[in-house]
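A.B. asks: I need the structure of the sequence given here:
(2 chains)
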Amino acid sequence: MSESESRSKNFIEEIIEADLASGKHSTIVTRFPPEPNGYLHVGHAMAICLNGGLAREYNGRFHLRFDDTNPVKEEMEYVQSIMEDVKWLGFDWGENLYFASDYFEQLFEWAVHLIKAGLAYVDDSSAEEIREMRGNLTEPGRESPFRNRSADENLDLFERMRKGEFGNGEKVLRARIDMTHPNMNMRDPVLYRIAHAHHHRTGDAWCIYPMYDFAHGQSDAIEGITHSICTLEFEEHRPLYDWFIENLPVPHQPRQIEFARLNVTYMITSKRKLLQLVKEGHVRGWDDPRMPTISGIRRRGYTPESIREMTARAGVAKRNKINDLALMEFCLRKDLEEKAVRRIAVLDPVKVVITNLPEDTREVYAGPNHPAKPEMGEREVVLTREIFIERDDFMEDPPKKYFRLAPGQEVRLRYACYITATDVVKDAEGNITEIHATMDPESRGGSTPDGRRVKGTIHWVSATENVPFECRLYETLFTKEDPNEVDPSTGSGQAPSTGSGQAPSTGSGQAPSTGSGQAPGTFLDNLNPHSLEITKAFGEPALAAASVGERFQFERKGYFCVDPDSKAGSLVINRSVGLRDSWGKQSQRS
RNA sequence: AGGCCCAUGGUGUAAUUGGCAACACAGCUGAUUUUGGUUCAGCUAUUCAAGGUUCAAGUCCUUGUGGGCCUGCCA
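C.D. replies: Numbering: from 1, shown residues only, chains lettered A, B, ... in the order given. Predicted coordinates:
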């Protein structure tokens, strides 16, 4: 990891180094094992960077393995998007692309092995019966009446399950462990279920499918995974994981290690909820730039380097955590500060007429593409008599330390000259429609012979020579750091602060009990109504050549990225992240 | 309630494995600056609680408290 400065080892690295030092392993093999049933999100990015990064750090191997053991949920579309996302993040599995479904035959043989060893049996109980017999957190389970079938009978039944002689749910194969075990996972877990369903890769070859627990560890063993890194919720599965490894003639003993998944404030990482956002149209799709999906983050304009940097800085540990969005934004700014070409765009324009300039004025100035990197070249900026500036860069009655344009106050137009506001033109409602200003001819180039200092420099773009575009400004998708935090007392969809001063109103004119008791409230109540704002913006002429995916810093505004919705002649640009804004903070405080 | 895991500034992660609690982000102050950006300098703020072991405890032990996960034929 080039982007992570030298730091102390995390607990997984310590385990790996101990294994390497003791000779337990001469090289390590890690894997990223997604189920192809949805799009990858920022939490997966962490898992990819961890596994891929470890393999890189220790010169090991990194596998991509699709955990495709449940045909009813999985689709090829997801396989494609997942491979794209992993590649984009910068991790290469090389030849090591695998599918758990490739191991179905071997897994079947191992199931037979367990049956022969008296460690697995076919259960005719229904799902409800099995659930009922499992007991609960405080009470032990009871043994199934089918638990003591002979190995021969079990073998026969299992073969017939495979042949399709039974319907969905009629039978399952279970491990024969201990129905009183305090760990629920050890209470004769189901190994195989019947599912007459089309699998995205094996087609109709199978109608029985292994469960996660029976597939994962063995897949790790087959591939020679040394360190099988997964999230905390699998901790209680580890005894089962180990049980299979111990009781099966597997070629290799992998070790499962759990770490805390990455969460980020204002983001959700539940596949179900993400799917809901897409299906119900709360966002424009899986790759909506507000989504925490890798595809969304990518479209938003994040760089793979910035995501890798964030995961490295977030660290690895075993406690549940929520990382600050600010860290992610910091990593992006840090990366783009160095790489992004500077451009000027006015997002919320108001016209300024420089009255002492002739109508046909066209002055060309040079603007470096990067203030600290002359090697990045420069471009031409064009000054005309009429320009646009940012609406909030002018105030008729400015507060104390307002350094921008105001009546009688002089500012520098970035790269060009000094202007001083003289007049304001307003419409009938009192809105400012035009500002008049005069330019100091001595100031061309951005400084004057008298060396006087101008505190404010504002950005601007010619009102007659520019590139109009659609600018999409994003804020967090949710208003709460933890989008799942719902106030149980407030119902969903309740308009807040309806009648402010009004007494609680006991039924007076109450609308017929339509909503009676308020619905419990969901994460959707925390959706940010301002998460997307679209403005009609104007960019400097150099923006005309912008292509999809290209990133810029719009000076004083933030980092932006050209959206794929762009068409020839109609640019769409996303704001990836704003610049740090100490004035914004200060002015808000007052 | 039973089992498993976890607890260090606002957030996240460290602490030579029992030896002066630190780094980053965030926040705040100042300097520099043709981006109120960047950069630089500095400041604020931390070991869940109570006992115990020890010359010495963030670290070990006990108890408590708080949080997470577990009762799919999902992964």
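
A.B. asks: how about the helices in the stretch 301-450 of chain A?
C.D. replies: Assigned by DSSP state H, counting those that start in this stretch, the stretch 301-450 of chain A shows helices spanning A:304-314, A:325-339.

A.B. asks: With chain A instead?
C.D. replies: Applying DSSP state H to chain A gives helices spanning A:11-22, A:42-57, A:76-89, A:104-116, A:127-133, A:151-163, A:212-223, A:238-247, A:271-279, A:294-300, A:304-314, A:325-339, A:582-589.

A.B. asks: Compare those and say which comes out lowest on pLDDT.
C.D. replies: Note on the helices of chain A: helix A:582-589 shows the lowest mean pLDDT, a mean of 84.

A.B. asks: one step back: out of the helices of chain A, flag the one nearest A:His198.
C.D. replies: If you check each of the helices of chain A against A:His198 by CB to CB, helix A:76-89 wins as the nearest, at 11.4 Å. For every residue, glycine as well, the C-beta is placed using N, CA and C.

A.B. asks: hang on, the earlier thing: and the helices of chain A: which comes nearest A:Thr433?
C.D. replies: Taking the helices of chain A one by one with CB to CB, helix A:582-589 is closest: 23.9 Å.

A.B. asks: Can you pull the residues of the stretch 51-200 of chain A lying near RNA strand B?
C.D. replies: The interface of the stretch 51-200 of chain A toward RNA strand B, taken as CB under 7 Å from any atom of the strand, is made up of A:67, A:69-70, A:73, A:125-127, A:130-131, A:134, A:136-138, A:168-169, A:172, A:182-185, A:189-190, A:193-195.

A.B. asks: any idea how far the closest residue to A:Ser295 other than its chain neighbours is from A:Ala127?
C.D. replies: Nearest residue to A:Ser295, sequence neighbours excluded (CB to CB, 6 or more residues apart in numbering): A:Asp287, at 3.9 Å. Distance, A:Asp287 to A:Ala127, by CB to CB, to the nearest Å: 37 Å.

A.B. asks: First-to-last residue distance for stretch A:163-176?
C.D. replies: 23 Å (CA to CA, to the nearest Å).

A.B. asks: Name the residues of it that are buried.
C.D. replies: Using 16 or more other CB atoms under 10 Å as the test for burial, stretch A:163-176 gives A:Phe166, A:Lys171, A:Val172, A:Leu173, A:Arg174, A:Ala175, A:Arg176.

A.B. asks: if we can go back for a sec, highest average neighbour count across the helices of the stretch 301-450 of chain A?
C.D. replies: Across these, averaging neighbours per residue (mean count of other CB atoms under 10 Å) puts helix A:304-314 on top, at a mean of 22.

A.B. asks: Make CSV from the helices of chain A and add distance to A:Glu470 to it.
C.D. replies: Below are these laid out as CSV (distance: least, CB to CB, whole Å):
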stretch, distance to A:Glu470
helix A:11-22, 45
helix A:42-57, 26
helix A:76-89, 25
helix A:104-116, 49
helix A:127-133, 52
helix A:151-163, 56
helix A:212-223, 45
helix A:238-247, 51
helix A:271-279, 22
helix A:294-300, 15
helix A:304-314, 25
helix A:325-339, 21
helix A:582-589, 23
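
A.B. asks: follow-up on the earlier one: can you redo the buried residues of stretch A:163-176 as CSV with distance to A:Asp335 and pLDDT?
C.D. replies: Putting the buried residues of stretch A:163-176 into CSV (distance: CB to CB, whole Å; pLDDT from 0 to 100) gives the following:
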residue, distance to A:Asp335, pLDDT
A:Phe166, 56, 98
A:Lys171, 55, 98
A:Val172, 50, 98
A:Leu173, 50, 98
A:Arg174, 51, 98
A:Ala175, 48, 98
A:Arg176, 54, 98
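
A.B. asks: Which of those sits closest to A:Ser582?
C.D. replies: Nearest to A:Ser582 among the buried residues of stretch A:163-176, with distances taken as CB to CB, is A:Ala175, at 60.9 Å.

A.B. asks: Test my guess that that closest one contacts A:Ala117.
C.D. replies: No. Look at A:Ala175 against A:Ala117 with CB atoms under 8 Å: they stay out of range, at 10.7 Å.

A.B. asks: Name the residues contacting each of those two.
C.D. replies: Common neighbours of A:Ala175 and A:Ala117 are not found (criterion: CB atoms under 8 Å, 6 or more residues apart in numbering).

A.B. asks: I figured the residue nearest to A:Ser295 hits A:Gly296, correct?
C.D. replies: Yes. Taking contacts as CB under 8 Å, A:Asp287 lies within contact range of A:Gly296: 5.1 Å.

A.B. asks: coming back round to it: and the residues of the stretch 51-200 of chain A next to RNA strand B, which are buried?
C.D. replies: A:67, A:69-70, A:125, A:130, A:134, A:172, A:185, A:189-190, A:193-195.

A.B. asks: Can you give me the neighbour number for A:Arg261?
C.D. replies: Residue neighbour count, defined by other CB atoms under 10 Å, stands at 17 for A:Arg261.

A.B. asks: what's the answer for A:Ile15, then?
C.D. replies: A:Ile15, neighbours per other CB under 10 Å, totals 16.

A.B. asks: quick one: contacts for it?
C.D. replies: A:His227, A:Arg255, A:Ile257.

A.B. asks: again, but for A:Lys116
C.D. replies: With CB under 8 Å, 6+ apart, A:Lys116 has these contacts: A:Ala151, A:Leu155.

A.B. asks: could you redo the last one with a cut-off of 6 Å?
C.D. replies: Neighbouring residues of A:Lys116 by CB atoms under 6 Å, 6 or more residues apart in numbering: A:Ala151.

A.B. asks: now do A:Gly578
C.D. replies: Listed by CB under 6 Å, 6+ apart, the contact partners of A:Gly578 are A:Gly558.

A.B. asks: so it bridges to which residues?
C.D. replies: Note on A:Gly578: beta-bridge partners by DSSP bridges are A:Gly558.

A.B. asks: Look up how far RNA strand B lies from it.
C.D. replies: 9 Å (CB to the nearest atom of the strand, to the nearest Å).

A.B. asks: likewise A:Phe214?
C.D. replies: 8 Å.

A.B. asks: Just give me the neighbour total for that residue.
C.D. replies: 25.

A.B. asks: A:Pro34 is in contact with A:Ile82, isn't it?
C.D. replies: Yes. Counting by CB atoms under 6 Å, A:Pro34 does reach A:Ile82; the two are 5.3 Å apart.

A.B. asks: Can you pull the phi and psi angles for the closest residue to A:Lys455 other than its chain neighbours?
C.D. replies: Distances taken as CB to CB, 6+ apart place A:Phe403 nearest to A:Lys455, at 4.1 Å, with adjacent residues excluded. Main-chain torsions, A:Phe403, degrees, to the nearest 10: phi -90, psi 0.

A.B. asks: Now do the closest residue to A:Gln106 other than its chain neighbours against RNA strand B, distance only.
C.D. replies: If the residues on either side of it in the chain are set aside, A:Gln106 comes closest to A:Ile222, at 6.7 Å by CB to CB, 6+ apart. For A:Ile222, the distance to RNA strand B equals 15 Å [CB to the nearest atom of the strand].

A.B. asks: Spell out which parts of the stretch 451-590 of chain A neighbour RNA strand B.
C.D. replies: Going by CB under 7 Å from any atom of the strand, the residues of the stretch 451-590 of chain A near RNA strand B are A:456-458, A:553, A:555-556, A:579-586, A:589.

A.B. asks: Report pLDDT for A:Asp204.
C.D. replies: 98.

A.B. asks: A:Glu75: how many residues sit nearby?
C.D. replies: 14.

A.B. asks: what about the closest residue to RNA strand B within the stretch 351-500 of chain A, how many neighbours?
C.D. replies: In the stretch 351-500 of chain A, the residue found nearest to RNA strand B is A:Gly446; the distance is 1.8 Å by CB to the nearest atom of the strand. Using other CB under 10 Å, A:Gly446 is surrounded by 15 other residues.
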